[in-house]
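Undergrad: please work out how this folds:
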Amino acid sequence: MVLSELADRLGCVLIGEGASEISGVAGMEHADSSQITFLANPKYAHKVKDTKAGAILLAEPMPALLIPQLISSNPYLDFARALALFYQPPRPKPGIHPMASVAHSARIGGNASIGPFAVVGENAVLGENAVLHPHVVIYEGAHIGDDFLAHSHAVVREFCRIGHRVTLQNGVVVGGDGFGFAKRADGTHEKIVQSGVTVLEDDVEIQSLTSVDRATVGETRVRRGAKIDSLVQVGHACVVGEDDILCAQTGLAGSTILGKGVLLAGQVGVSGHLTIHDGAVVYAQSGVGHDVPARATVSGSPAFDAREWLRAITAFQKLPDLWRRVRQLEKHLSRD
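TA: Numbers count the residues shown, from 1 in each chain. Coordinates of the predicted model:
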């Protein structure tokens, strides 16, 4: 694809010659003259002068730069769009592999591809264009919309409901039992039947080895457009809001409610039965034990306002020295 065509398809303003052939996308350090790169964060601007890329995506023109520039209102987004133009992951051919197991009562939409050792249970429903890679298991009564993509070893448990354009990466479990036990008088535990379901709305993507548990009663729900990273635990009866981002190793205890546009950074723990309201941000390794107001930014464990946390953590590092000074003052006063 020539650079001028790429600029048109991305809706970017081209500065410089547009006749060069572009074959792919790469980072600034690795791109060659046939590839386009990007600058999304100004703190990396000093690296631009050393790039060997054939062109670069930028938010603002750089007059001293000798290579062609594509000016974008969102270079990172257009970088992602460019990647999609040059790389399409392989799609298996439509059809049901002879080594797959599909129940006679299951309903499979047109153009589906079901790989070897995949299993589709009784009365399950798959929409149009579904792709099940090898060893995917869809339990009885699951209902899944169009353009579903499940990578190997993903599991959708019984009666769960999934919308359109949902992607499950390897090893995702949708609708596994919630962690519910009642203690008997003798100290042993009675398992509480997890009779609810898990619901994933449209355009949800869940990364590898993540669990979204079914509810004890009612439902666990992941709303439209939410993206959940690898090694995340979403407990029973939680609600993950629209367009939320949950980063790796985050854990939500049961009945946590997340509003719209919430961001939980890596290794956030939420104690459950609370609400993190719309637009809130929780920094990495924070422990949330109370409701978080809309558009708040919190950090620490227990989590509180991130600006206050930064001041507190700075003071915390000085505590040993402050303690020594207090002891010295005490000794001095005792002598007096």
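Undergrad: thought residue 112 was touching residue 131?
TA: Yes: in terms of Cβ atoms under 8 Å, residue 112 counts as a neighbour of residue 131; the distance is 7.4 Å. Heads up, the C-betas are built off the backbone N, CA and C, glycines and all.
Undergrad: kindly provide the distance from residue 176 to residue 246.
TA: Distance, residue 176 to residue 246, using Cβ to Cβ, to the nearest Å: 17 Å.
Undergrad: higher neighbour count, those two?
TA: residue 246 (29 against 17; other Cβ atoms under 10 Å).
Undergrad: who's that one bridged to?
TA: Residue 246 has these beta-bridge partners by DSSP bridges: residue 228, residue 264.
Undergrad: surely it is in contact with residue 226?
TA: Yes: in this structure, residue 246 is within contact of residue 226 by Cβ under 8 Å, at 7.5 Å.
Undergrad: mutual contacts of the two, please.
TA: Counting by Cβ atoms under 8 Å, 6 or more residues apart in numbering, the shared contacts of residue 246 and residue 226 are residue 240.
Undergrad: which residues touch residue 193?
TA: Residues counted as contacts of residue 193 (Cβ under 8 Å, 6+ apart) are residue 216.
Undergrad: pretty sure it sits in a strand.
TA: No: checked against DSSP: H, G, I helix; E, B strand; the rest coil, residue 193 lies outside a strand; its state is coil.
Undergrad: show me what counts as buried in stretch 44-55.
TA: Within stretch 44-55, the residues scored as buried using 16 or more other Cβ atoms under 10 Å are 48, 51, 53, 54, 55.
Undergrad: my error: substitute stretch 128-143 in the last question.
TA: By neighbour count on 16+ other Cβ under 10 Å, the buried set for stretch 128-143 is 129-139, 141-143.
Undergrad: same check, this time on stretch 36-46
TA: 36, 37, 38, 39.
Undergrad: what sits against residue 120?
TA: By Cβ under 8 Å, 6+ apart, the contact set of residue 120 is 100, 101, 102, 103, 106, 108, 114, 126, 132, 138.
Undergrad: what segments of the stretch 51-200 of the chain are helices?
TA: Here the stretch 51-200 of the chain has its helices, by DSSP state H, counting those that start in this stretch, at 75-86.
Undergrad: now do the stretch 201-336 of the chain
TA: According to DSSP H, counting those that start in this stretch, the stretch 201-336 of the chain carries its helices in the segments 306-335.
Undergrad: which elements pack onto the helix or strand of the chain with the lowest mean pLDDT?
TA: Lowest on mean pLDDT, DSSP states H and E among the helices and strands of the chain sits helix 306-335, with a mean of 88. Packing contacts for helix 306-335, counted by 3 or more Cβ pairs under 8 Å, 6 or more residues apart in numbering; DSSP states H and E, involve strand 297-299.
Undergrad: packing partners of the strand it packs on?
TA: Packed next to strand 297-299, using 3+ Cβ pairs under 8 Å, 6+ apart, are strand 281-282, strand 304-305, helix 306-335.
Undergrad: now, of these, which is deepest in the fold?
TA: Mean neighbour count (mean count of other Cβ atoms under 10 Å) peaks for strand 281-282 among these, with a mean of 24.
Undergrad: hey, C-alpha coordinates of stretch 110-128 in CSV?
TA: Extracted C-alpha coordinates of stretch 110-128, given in CSV (Å, rounded to 0.1, in the frame of the first residue of the first chain):
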residue,chain,number,x,y,z
GLY,A,110,-24.0,-19.8,9.0
ASN,A,111,-20.3,-19.6,8.2
ALA,A,112,-19.3,-21.1,11.5
SER,A,113,-15.9,-22.8,12.0
ILE,A,114,-15.7,-25.4,14.7
GLY,A,115,-12.2,-27.0,15.1
PRO,A,116,-11.1,-30.4,16.2
PHE,A,117,-12.0,-31.5,19.8
ALA,A,118,-14.3,-28.6,20.3
VAL,A,119,-17.5,-29.4,22.0
VAL,A,120,-21.0,-27.8,21.7
GLY,A,121,-23.5,-29.0,24.2
GLU,A,122,-27.2,-29.8,24.0
ASN,A,123,-29.5,-26.8,23.0
ALA,A,124,-26.6,-24.4,22.7
VAL,A,125,-26.9,-21.6,20.2
LEU,A,126,-24.1,-20.1,18.1
GLY,A,127,-24.7,-17.1,15.9
GLU,A,128,-23.4,-16.3,12.5
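Undergrad: tell me the buried residues in that stretch?
TA: Buried, per 16+ other Cβ under 10 Å, within stretch 110-128: 112-115, 117-121, 124-127.
Undergrad: so for it, mean pLDDT?
TA: Mean per-residue pLDDT for stretch 110-128: 98.
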